[in-house]
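**Student:** Sequence below, structure please.
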Amino acid sequence: MWQARAQFVAELDDTMSKIIFKAYLRAGAAGMILASLILIPAAAAAEEVDAPTIRVIGHPDPEGLLPEQTAPKAVSAISTEFIGKQAPTLNAFQLVSLLPGANVASSDPYGLSNSSSLTLRGLGQDEIGVLMEGAPQNDIGYYYAYPSQFADAENLRQISLAQGAVDIDSPTVGGAGGLLSLWLDDPKSHRELLFDLSAGSYNQRRVFARVDTGEIGTTGLKAFLSYSNSRADNWRGAGYDKRQHVDAKLLKEWGDGNRASIAVSYNDAINSVYPSPTLEDWKTSGRGFNYDKAYTSGDTNYWRLYRSPFRNLYASAPIHLTLNENLALDTTTYVQRGYGNSPYGTELAETGNFLGTEELAQPIALPGAVNGVATVLGNFTGNQFRAGNVTKLTVKAGAHKLTGGLWFDYGTDRVIQSFTSIDANGIPVDIWGRQRNAIHTADGRLLAAENERTITVTKGFFLADSFAVTPRLTVEVGFKGVDVLHNGRNYLPGPRQQVRFDSFAALPRATVHYKLDDRQQLFANITTNFRAPDEYTLYDIYDSGTPSSQGTTALKNEYSVSQEAGYRYIGPNLSASLTAFQYHFRNRQLATIVDFGGAQINSTINAGSQTSYGLDAEMDYRPARGVSLYVSGEYLHARLDSDIPAGGDFLPTKGKRAVSSPSYQFGVGGTYDDSRLFGSFALKYVGRQYSTFMNDESIKGYATLDFSVGVHLAGLIDSKRTDLRVNFINVTDPHVLSGVEAISPNAQDVIGRNGTVISGSPPAYYIGSGAAVTATLSRAF
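**Tutor:** Model (predicted):
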């Protein structure tokens, strides 16, 4: 990122940009982990850029809508000045919705619920790598990321979105859809206490407090610690969301650009799950498609049976060391721990039950059973642990910068689908689905429809050479190799209790960056990526003792080859970029939701091969100091290249449009700040989206509009920073379906290529969130 001086005059220093790449070495050494987590307070993994000092004529972008970029790939970003004008509850997906290619489907105006999705250039969130302070945030089992669990907005320095090419050292599996990177604010050099108080529609209320220590004695250490507590009623239907969150960061900087830090983010929440209608449900009930407000005996649709509790801890310890003027080392150690439940309402009978393929001879005890049947809470619990390290060494040798590194990641995921009793009022005995409170068989075993544990081990290495062909032309070639091993056990009785899937992907890449002059850049890249099948595909799923879905280890990795070519202009009053892109996929894996006994389970569908191409564009115009106008757009052409297998036949899908891939998206935004009054607006249009491979069902395009107004009160009350702002979310309140939650091969019955009638099944959709207003008072001490 360019550093700009405060004066607005202009000339570029002749000094060449000195780019210090983070260098990562293999994780796993106990001493390295101990040093990074304890001995050296680690700082979030970030590329350290020592760019030439520049003086700018005109009005640099203080509002964070299009920060300057120099990477040889498409990348967009928003920074703290823009984030600080938005509603403080918004999650990272909602915050980047204006950026090119970002298709965000949100069911909740405040971003507290996990009923949301993000696609980039038509690629789903299970193919989008998410990093915070250099550490992966994606679910190790299904590759999803859950934005309501991320850091509080007040602590975010920048969110960057690479729509295509992912950095070679990124510790992500399945980044064909791009990379979303969150960077926490550094602790301040002076002591400060910050309070935010918010209140809004649907009984929304939030308190946020942050304390910065400044420099701690003479240690050179500085830190911040923040806490937030949020609550809001569901905007439609019964229920409410609760969220408590803690962020912290400890930082030390010394010498010639050396940095070490530890960043921690802890989330404790009970989130609402908004029901997702079919198109027929939507036409019949509209926004009235909700869970039941009151409980009656036998009701499996009662809202208290659909509240998801989760606790998550993320920690990252990145270190950057300048060993000498030609040698740098970067290493990031990370830990992730989480437990949660995605429950649902269902019924159980005292007799006729199975554990896998084993029929239970004795009846089970069911409190509250009527005629041998009881309404219960169906649990889908996940207990995850993930730890790893990525280390990179960078060597400068003349015109060359040589990079080499290793990545190691170890994760475990214990998934159990058990059952818990409810009382006469429909309230679950234990919403967390813990085994000690769950229903057991007569001989004391846990009654479960699913019970498995998967260990995932990822090993990777990467090599790259970036060389300056001329002072203006830089070329980089690189290679990354990644091995993913799933090793699991199914604890239910059945024929397949041990599963193992091991795959290796070879990922070559090349980039070119050319500086036309001090303002203009050309770039191009060709990259490869892959996505291993998720763990759900490995296991047998049983229904009444018979496998309803047979696990397999014969699936192939998705493999993609993508190209980008672009132009970027960074001017005194205008910044812009234009990127053309093209993808080709083999064994395209599409994320969806499947219903298993009432549980909504993440899964994938193999969509064969696919080709996509299109154009991304964005522009930021700054006509006056404190004023910024931003425009973005995307054209996307995504088509299936093959027919999809369906039983013993094939669906005639070749040439059909890809699902969740709108042909057009447009965004218009702006910010204003004159040091007294400030505000922002964001208008986004998303075009028609298909929800089936056969293109026999779709949702129409729609637009949303957010805006904010505020006043800086410092100087009116006292000299302390005090801001009051009001955010208006989705102000036009369109009654729309905002995205596809569960795709389907075909919604209607179809005659296959071989003449078979292939039955249709309806997709499910997200209902777009309603309008909301929230006011926030911020005060620094």
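
**Student:** can we go C-alpha only for contacts and neighbour counts from here?
**Tutor:** Will do.

**Student:** Report the mean per-residue pLDDT for stretch 494-502.
**Tutor:** On average, the pLDDT along stretch 494-502 is 90.

**Student:** nope, stretch 609-628 is what I meant
**Tutor:** The average of the pLDDT scores along stretch 609-628 is 93.

**Student:** to the chain's geometric centre, what's the distance from that stretch?
**Tutor:** On the basis of C-alpha atoms, centre = their mean, to the nearest Å, the separation between the geometric centre of stretch 609-628 and that of its chain is 21 Å.

**Student:** Over to stretch 608-617?
**Tutor:** That offset, for stretch 608-617, works out to 21 Å (C-alpha atoms, centre = their mean).

**Student:** With stretch 335-353 instead?
**Tutor:** That offset, for stretch 335-353, works out to 24 Å (C-alpha atoms, centre = their mean).

**Student:** Helices of the stretch 51-200 of the chain, start to end?
**Tutor:** 80-83, 92-95 (DSSP state H, counting those that start in this stretch).

**Student:** of all those, which lies closest to Tyr334?
**Tutor:** Tyr334 lies closest to helix 92-95 among these, at 20.3 Å (C-alpha to C-alpha).

**Student:** Can you spell out which helices and strands pack onto that closest one?
**Tutor:** strand 102-106 (3 or more C-alpha pairs under 8 Å, 6 or more residues apart in numbering; DSSP states H and E).

**Student:** who's in contact with Val173?
**Tutor:** Neighbour list for Val173: Gly129, Tyr143, Phe530, Arg531, Ala532 [criterion: C-alpha atoms under 8 Å, 6 or more residues apart in numbering].

**Student:** ok, and for stretch 214-223, which residues are buried?
**Tutor:** Gly214, Glu215, Leu221, Lys222, Ala223 (16 or more other C-alpha atoms under 10 Å).

**Student:** from the residues you listed, which is closest to Leu402?
**Tutor:** The nearest one, if we look at the buried residues of stretch 214-223 relative to Leu402 and count by C-alpha to C-alpha, is Leu221, at 31.7 Å.

**Student:** Helix or strand: which one has the nearest residue to that closest one once chain neighbours are set aside?
**Tutor:** In this structure, Leu221 finds its nearest non-sequential neighbour in Lys252, 4.8 Å apart by C-alpha to C-alpha, 6 or more residues apart in numbering. Using DSSP states H and E, Lys252 sits within strand 240-254.

**Student:** picking that back up, quick check: beta-bridge partners of the residue nearest to Leu221?
**Tutor:** Leu221, Ala260 (DSSP bridges).

**Student:** Next: His400.
**Tutor:** Counting by DSSP bridges, the residues bridging with His400 are Ala397, Phe467.

**Student:** doesn't Ile262 make contact with the residue nearest to Leu221?
**Tutor:** No - applying C-alpha atoms under 8 Å, one finds Lys252 not in contact with Ile262, separated by 9.5 Å.

**Student:** Redo the buried residues of stretch 214-223 as TSV? Include pLDDT and distance to Arg588.
**Tutor:** Output for the buried residues of stretch 214-223, formatted as TSV (pLDDT from 0 to 100; distance: C-alpha to C-alpha, whole Å):
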residue	pLDDT	distance to Arg588
Gly214	95	50
Glu215	94	51
Leu221	97	47
Lys222	97	46
Ala223	97	44
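
**Student:** any idea how far Asp139 lies from Gly129?
**Tutor:** 10 Å (C-alpha to C-alpha, to the nearest Å).

**Student:** okay, those two: which has more neighbours?
**Tutor:** Gly129 (27 against 19; other C-alpha atoms under 10 Å).

**Student:** need the contact list for that one.
**Tutor:** Pro136, Gln137, Asn138, Thr172, Val173, Gly174, Gly175, Gly177, Gly178, Leu179, Leu180.

**Student:** so which helix or strand takes in Thr458?
**Tutor:** Using DSSP H and E, the element containing Thr458 is strand 448-468.

**Student:** Report the buried residues of the following helix or strand past that strand.
**Tutor:** Scanning forward in sequence from strand 448-468 by DSSP H and E, the next helix or strand is strand 473-490. For strand 473-490, the buried set under the neighbour-count rule, 16+ other C-alpha under 10 Å, comprises 473-490.

**Student:** Deepest in the core, which of the helices of the stretch 51-200 of the chain is it.
**Tutor:** helix 92-95 (a mean of 22; mean count of other C-alpha atoms under 10 Å).

**Student:** Find the residue closest to Thr756 in space, skipping its chain neighbours.
**Tutor:** Asp649 (6.6 Å).

**Student:** how close does that neighbour get to Gly755?
**Tutor:** In terms of C-alpha to C-alpha, Asp649 sits 8 Å off from Gly755.

**Student:** Isn't Thr69 up against Ser160?
**Tutor:** Slight slip there: residue 69 is Gln, not Thr. No - using C-alpha under 8 Å as the test, Gln69 is too far from Ser160 to be in contact (10.3 Å).

**Student:** if I look at the two, which residues touch both of them?
**Tutor:** Val75, Ser76.

**Student:** Can you give the contact residues for stretch 276-283?
**Tutor:** Against stretch 276-283 from outside (C-alpha under 8 Å, 6+ apart): Phe289, Glu741, Pro762, Pro763, Ala764, Tyr765, Tyr766, Ile767.

**Student:** Now, those that are in strands?
**Tutor:** Judged by DSSP state E, the contacts of stretch 276-283 include Glu741, Ala764, Tyr765, Tyr766, Ile767 as members of strands.

**Student:** Report the beta-bridge partner residues of the last one.
**Tutor:** Beta-bridge partners recorded for Ile767 (DSSP bridges): Leu737.

**Student:** quick one: contacts for it?
**Tutor:** Contacts of Ile767 by C-alpha under 8 Å, 6+ apart are Ser106, Ser107, Ser276, Pro277, Arg287, Val736, Leu737, Ser738, Gly739.

**Student:** what's the neighbour count on the residue nearest to Leu221?
**Tutor:** 21.

**Student:** distance of it from Asn258?
**Tutor:** From Lys252 to Asn258 the distance is 8 Å (C-alpha to C-alpha).

**Student:** likewise His245?
**Tutor:** Counting by C-alpha to C-alpha, the separation of His245 from Asn258 is 30 Å.

**Student:** Between those two, tell me which one has more neighbours.
**Tutor:** Counted by other C-alpha under 10 Å, His245 and Asn258 do not tie: His245 has more neighbours, with 22 against 17.

**Student:** Cross-check the contact I'm expecting between Asn312 and Ala269.
**Tutor:** No - using C-alpha under 8 Å, Asn312 makes no contact with Ala269, being 9.0 Å away.

**Student:** which one of the two has more residues nearby?
**Tutor:** Counted by other C-alpha under 10 Å, Asn312 and Ala269 do not tie: Ala269 has more neighbours, with 23 against 20.

**Student:** and the helix or strand where the more buried one lies, what other elements does it pack with?
**Tutor:** In this assignment (DSSP H and E), Ala269 forms part of strand 258-272. Applying 3+ C-alpha pairs under 8 Å, 6+ apart, one finds that strand 258-272 contacts strand 240-254, strand 307-324.

**Student:** Identify all contacting residues around the first one.
**Tutor:** Under the contact criterion C-alpha under 8 Å, 6+ apart, strand 240-254 has outside partners 40-43, 112-113, 151-152, 155, 186-187, 220-234, 259-272.

**Student:** Poorly predicted segments of this protein, please.
**Tutor:** Applying pLDDT under 70 to the chain flags the ranges 1-64, 589-607.
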